[in-house]
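Undergrad: below is the sequence, then the predicted model.
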Amino acid sequence: MDCRSFVRFGVLTVLLSTPAIASAQDRQIPSDRLVTITVTEDRPYTIAHSIVIEAGQPVYARTGAELEGRSWTATRTSERGTETIDSDACPALRTIALSFATLPPLQVRPMPSVAHGGEPGAALPMSPSRKDGFSTRLAFASETADGSYASVEVAGGNDYSRWGHDAVSALLRCWGPLTPSRVP
């Protein structure tokens with residue numbers, strides 16, 4: 001086999017094996033998607049729905065001014081259908097989208113991998129919990145410390161649950177509530 005045939009064979013092998021490798025990986029979040037907010041049904045206040053916030057073009061901002069001026073869209077999907085808003089008509093969307101980057105980094109500490117108790121101050125802390133508001137789950141792609149990307153899903157986490165609640169609340173002004181129908 002000559003060198004050109006070997007290179008063609010190698011490229012063909014990579015192209016044919018890519019779908020198998022990709023299918024073994026977790027689902028990829030599109031690069032223009034900032035976050036998907038899944039809202040839990042909470043009668044009598046809201047029905048279950050999801051909100052997908054996506055960046056307008058260009059997806060990759062080169063400057064802070066380009067990032068600040070970017071347009072955003074949000075698509076809300078529920079049993080009642082789909083509604084889309086943009087940041088030109090709903091300025092709250094731009095504020096919410098830009099504030100997502102200010103959330104603190106997640107510290108990864110799975111419960112089974114940490115010693116709790118036995119030592120003074122090492123007891124399992126009682127974390128604060130949300131009492132009111134929209135219960136949300138956030139899914140997004142994030143760059144990791146080594147420069148690779150990871151798909152992240154967060155349910156809870158005080159700063160993240162507060163951001164999810166605040167995002168849903170702020171966007172209500174643009175498309176209205178999804179109040180459950182009253183059943184007699």
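TA: Done, it's in.

Undergrad: any weak-confidence spans in this protein?
TA: Residues of the chain meeting the criterion pLDDT under 70: 1-30, 58, 115-118, 120-131, 183-184.

Undergrad: show me where it has strands.
TA: Under the criterion DSSP state E, strands of the chain are mapped to 33-39, 49-55, 72-78, 81-86, 136-143, 149-155.

Undergrad: what's the closest of these to Thr63?
TA: Nearest of the strands of the chain to Thr63, taken as C-beta to C-beta: strand 49-55 at 14.6 Å. C-beta: built from backbone N, CA, C; applies to glycine.

Undergrad: tell me what the closest one is packed against?
TA: Strand 49-55 makes packing contacts with strand 33-39, strand 72-78, helix 91-99, helix 158-175 when contacts are defined by 3 or more C-beta pairs under 8 Å, 6 or more residues apart in numbering; DSSP states H and E.

Undergrad: hmm, who's touching the last one?
TA: Contact with helix 158-175 is made by 37, 39, 51, 53, 74, 76, 83, 85, 89-90, 92-93, 95-96, 99-100, 103-104, 127-128, 130, 133-138, 154-155, as judged by C-beta atoms under 8 Å, 6 or more residues apart in numbering.

Undergrad: now with 6 Å?
TA: Contact with helix 158-175 is made by 37, 39, 83, 85, 90, 92, 96, 103-104, 128, 130, 133-134, 136, 138, 154, as judged by C-beta atoms under 6 Å, 6 or more residues apart in numbering.

Undergrad: what residues sit buried inside that helix?
TA: By 16 or more other C-beta atoms under 10 Å, the buried positions in helix 158-175 come out as Tyr160, Ser161, Trp163, Gly164, His165, Asp166, Ala167, Val168, Ala170, Leu171, Cys174.

Undergrad: repeat that for the first one.
TA: If you call a residue buried by 16+ other C-beta under 10 Å, then strand 33-39 has these buried ones: Arg33, Leu34, Val35, Thr36, Ile37, Thr38, Val39.

Undergrad: can I get the strands of the chain in TSV including distance to Leu178?
TA: Shown next, in TSV, are these (distance: least, C-beta to C-beta, whole Å):
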stretch	distance to Leu178
strand 33-39	8
strand 49-55	6
strand 72-78	5
strand 81-86	10
strand 136-143	14
strand 149-155	20
